[in-house]
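# could you work out the structure for the sequence below:
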Amino acid sequence: MDQGQALLDALGEWEGFEVTGVERREGDPDEIHVSLKPREGVPLYCNCCGRACERVHEHVQRTVRDLPLFDAITYLEITIYRVWCEHCGGPKRMRIDWLADQQRVTNRLAESVIYLCSQLSIQHVAKFYRLHWHTVKRIDKRALKARLDPADFSDVRVIGMDEFALHKGHRYATVVVDPIRKRVLWVGPGRDRAAVRKFFEQLGPEQCERIEAAVMDMHPAFTLEVEKHCPNARIVYDLFHVIAKYSREVVDRVRVDQANALRHDKAARKVVKASKWLLLRSPRNTSRAQRVRLQELFDANTPLMIAYMLREDLKALWSHRDPDEARGFWEEWYQRAMESGVAAIRRFAERIKAFVPGILAHAEFPLHTSLIEGINNKIKVIKRMAYGFRDDEYFFLKIRAAYPGNAR
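Next comes the predicted model:
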């Protein structure tokens, strides 16, 4: 063997094969074609059962892609034996450790593609390696499925559930996470009971019984399915969603009603109408000037002040760790709400009574959906990187791969 072929052998490391020829084709882009054949005397093994074979049935030619050599696209022209396997009872392809069956790229090129797909979009990876977009996607999707499926739920005791926009046009998907290990357990299209039920069917009856708590917003489908499948789980309603509901149904409603009541005073009406985002802002995130504006607004409008203050007091309910103290705080807040004289506040207090057990459960299970909100933001980033996904299954695998979970 000359020095050039020895160099290619060292660079290529095509175990069990030797270089029989090299051709460089100039062009845009440049290509290197390396011809390979099995080494003499190397044992042959069946690709199906892995047993040694003595007889070669026939040989076939295959062309596959490898990592670039010297910045040129590298093609391997491989002579592959089909061996006669006595155990399998017929001709089978010889086992090649660096080339998976039915694949048109070597294992190391596939591994490099998989790594880059975790950092870049498919489009960029395909352009970098000059591979077809669908080839890159197929490699990455197959690797994700092999790594993530089947999911192991054996150590899951607490779950968090939320929804996110899948596509435009009010199409949604549901995401289920383990908030303790920061791991995405399951993603599925839809947000109704039938869609959510698929997760619990995958979880299985025995594992469902081990679930101790489920944190979520007040979406009925989530609550009903958890109650149906997880008899030992406590429903925990998240602070963010309850307060967001209060802001929409109470603070914003009172602001609009008060603005409508000031039709005769255009200047005062404009001040109230323009206060929406100031009222929705948390007090700790307001500047000194904004606090002055709030005080002036409250001095002129008592219902708005009552709605604002009761919202801030309601947030304190989630700070209690003693169930009895939490219930006492709720009963006091409810009494104040009913005595406020503001119709929107009274309506909210009556509606929220059905969810009080789940709100008070936070005292025993101090869980929240902030992790899920962070995941939802990451989902948006994943979509933007890929310029959208047409394959929902692949998209859901990418989400799960982004949050594989922390070690205990």
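
# low-confidence stretches in this protein?
1-12, 169-170, 386-388, 407-408 (pLDDT under 70).

# try 50
Residues of the chain meeting the criterion pLDDT under 50: none.

# quick one: the strands in it?
Per DSSP state E, the chain carries strands over the ranges 17-25, 31-38, 44-45, 52-53, 55-69, 72-85, 90-93, 158-167, 171-178, 183-189, 213-216, 234-237.

# point out the most buried one among the ones you listed.
Mean neighbour counts were compared across the strands of the chain using mean count of other CB atoms under 10 Å; the top stretch is strand 213-216, at a mean of 25. C-beta: built from backbone N, CA, C; applies to glycine.

# how far does that one sit from the chain's center?
In terms of CA atoms, centre = their mean, to the nearest Å, the gap separating the centre of strand 213-216 from the centre of its chain is 18 Å.

# ok, that strand: who's next to it in the sheet?
strand 158-167 (parallel), strand 234-237 (parallel) (DSSP bridges).

# apart from its neighbours in sequence, what residue is nearest the most centrally placed residue in the chain?
The residue at the geometric middle of the chain, judged as the C-alpha nearest the mean C-alpha position with CA atoms, centre = their mean, is residue 399 (2.7 Å). Nearest residue to residue 399 in three dimensions, chain neighbours excluded: residue 187, at 5.2 Å (CB to CB, 6 or more residues apart in numbering).

# hmm, who's touching stretch 86-104?
Outside of stretch 86-104, the residues that reach it under the criterion CB atoms under 8 Å, 6 or more residues apart in numbering are 13-16, 38, 44-51, 53, 57-58, 63-65, 78, 80-85, 106-108, 110, 135.

# hmm, try it at 6 Å
Residues from elsewhere that reach stretch 86-104, judged by CB atoms under 6 Å, 6 or more residues apart in numbering: 15, 44-49, 51, 57, 64, 81-85, 106-107.

# can I get it in CSV? Just the C-alpha atoms.
Taking C-alpha atoms only, stretch 86-104 is exported to CSV below (Å, rounded to 0.1, in the frame of the first residue of the first chain):
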residue,chain,number,x,y,z
GLU,A,86,-26.6,-21.1,8.4
HIS,A,87,-28.5,-19.9,11.5
CYS,A,88,-30.8,-17.5,9.6
GLY,A,89,-31.1,-19.9,6.7
GLY,A,90,-30.3,-17.6,3.8
PRO,A,91,-28.3,-14.8,2.4
LYS,A,92,-27.8,-11.8,4.7
ARG,A,93,-25.7,-8.6,4.6
MET,A,94,-22.4,-8.7,6.3
ARG,A,95,-22.2,-6.7,9.5
ILE,A,96,-20.4,-3.4,9.2
ASP,A,97,-20.0,-1.7,12.6
TRP,A,98,-19.5,1.8,11.1
LEU,A,99,-22.5,1.7,8.7
ALA,A,100,-26.0,1.0,9.9
ASP,A,101,-28.3,-1.2,7.8
GLN,A,102,-30.2,0.5,5.0
GLN,A,103,-28.5,3.8,5.7
ARG,A,104,-26.8,6.0,3.1
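
# now that stretch, how far from the centre of its chain.
Taking mean C-alpha positions (CA atoms, centre = their mean), stretch 86-104 and its chain are 36 Å apart.

# tell me the buried residues in that stretch?
91-96, 98-99, 103-104 (16 or more other CB atoms under 10 Å).

# could you break this structure into its assigned domains?
Split into domains by automatic domain parsing, the chain comes to 1-103, 105-148, 159-238+367-402, 239-363.

# what about the last one, start to end distance?
What it means is domain 239-363. Using CA to CA, to the nearest Å, the span of domain 239-363 from its first residue to its last is 12 Å.

# quick one: it to chain centroid distance?
Here domain 239-363 shows a centroid-to-chain-centroid distance of 33 Å under the convention CA atoms, centre = their mean.
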